[in-house]
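In: Requesting a structural model of the entry that follows:
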Amino acid sequence: MASAASSTSQRGQVDLVDFIDWSGVECLNQSGSHAIANALKQGYREDDGLHLASDSDEQLLIYIPFRQVIKLHSIVIKGPEEEGPKTVKLFSNKEHMGFSNVGDYPPSDTVVLSDEQLKGQPVILKYVKFQNVRSLTIFIEDNQGGDDVTTVHKIALFGTTVDTTNMKDLKKIEDH
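Out: Residues are numbered from 1 along each chain as shown. Sure, this is the predicted structure:
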């Protein structure tokens with residue numbers, strides 16, 4: 001795990017947690033007592049006692065907007081052996097998705113998590129599909145054991161920021 005994480009950071013990739021727009025983060029079908037912040041926020045996601053859990057069935061739909069455009073390189077999704085996520089579909093820049101229409105869009109990438117990846121090994125994504133990402137939707141379709149509850153201990157996103165112009169920084173040019 002340490003070697004995989006360090007090799008990811010050696011390529012210039014950073015943990016994108018500081019670039020998440022927390023006011024817009026949503027998670028459909030999360031348990032009231034085991035919310036998305038437990039798996040996504042720094043500090044919380046390192047606490048083994050905290051986790052994200054699904055509520056009425058095994059599926060979770062997570063929407064993560066960013067404060068600036070990013071390039072997504074890899075993702076870490078940690079979970080337990082039986083209740084951990086299995087099939088994960090990632091959608092770049094798709095807003096307002098729900099369980100009723102998640103099947104209407106082709107995912108940017110689909111991952112079937114292995115035991116090693118559930119223990120924290122980064123999943124390298126199709127980098128060309130995640131070049132100008134303003135938001136990421138993560139659809140956890142099922143879990144390893146086919147149970148009704150999916151449990152996620154940690155979600156970490158790695159990549160780089162894209163240099164863009166902040167329109168608020170521009171000043172009006174006066175006519176002379």
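In: Show me the shaky parts of this protein.
Out: The chain contains residues with pLDDT under 70 at 1-11, 164-176.
In: For the protein, just list every one of the helices.
Out: When secondary structure is read from DSSP state H, the chain shows helices at 2-10, 37-40, 115-118.
In: Can you list the buried residues in the last one?
Out: When you say that, I think you mean helix 115-118. 117-118 (16 or more other Cβ atoms under 10 Å). For glycine as for every other residue, the C-beta is placed from the backbone atoms N, C-alpha and C.
In: just how off-centre is it within its chain?
Out: Offset of helix 115-118 from its chain centre (Cα atoms, centre = their mean, to the nearest Å): 16 Å.
In: Am I right that residue 152 is in contact with residue 85?
Out: Yes. With contacts counted by Cβ atoms under 8 Å, residue 152 reaches residue 85, the gap being 6.2 Å.
In: shared neighbours, those two?
Out: 60, 77, 79, 140 (Cβ atoms under 8 Å, 6 or more residues apart in numbering).
In: wait, what's in contact with the last one?
Out: Taking Cβ under 8 Å, 6+ apart, we find residue 140 in contact with 54, 58-62, 85, 87-88, 150, 152.
In: now the lengthiest strand in the chain, how far from the chain's geometric center?
Out: Counting residues, the longest strand found in the chain (DSSP state E) is strand 60-78. Remark: strand 60-78 is offset 4 Å from the chain centroid, using Cα atoms, centre = their mean.
In: Who are the packing partners of it?
Out: helix 2-10, strand 26-28, strand 87-92, helix 115-118, strand 123-124, strand 133-140, strand 151-152, strand 154-161 (3 or more Cβ pairs under 8 Å, 6 or more residues apart in numbering; DSSP states H and E).
In: redo that, cut-off 7 Å
Out: Contacts defined by 3 or more Cβ pairs under 7 Å, 6 or more residues apart in numbering; DSSP states H and E place strand 60-78 against strand 26-28, strand 123-124, strand 133-140, strand 154-161.
In: Can I get those strands in JSON lines including distance to residue 16?
Out: As requested, the helices and strands packed on strand 60-78 are arranged in JSON lines below (distance: least, Cβ to Cβ, whole Å):
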{"stretch": "strand 26-28", "distance to residue 16": "17"}
{"stretch": "strand 123-124", "distance to residue 16": "14"}
{"stretch": "strand 133-140", "distance to residue 16": "9"}
{"stretch": "strand 154-161", "distance to residue 16": "4"}
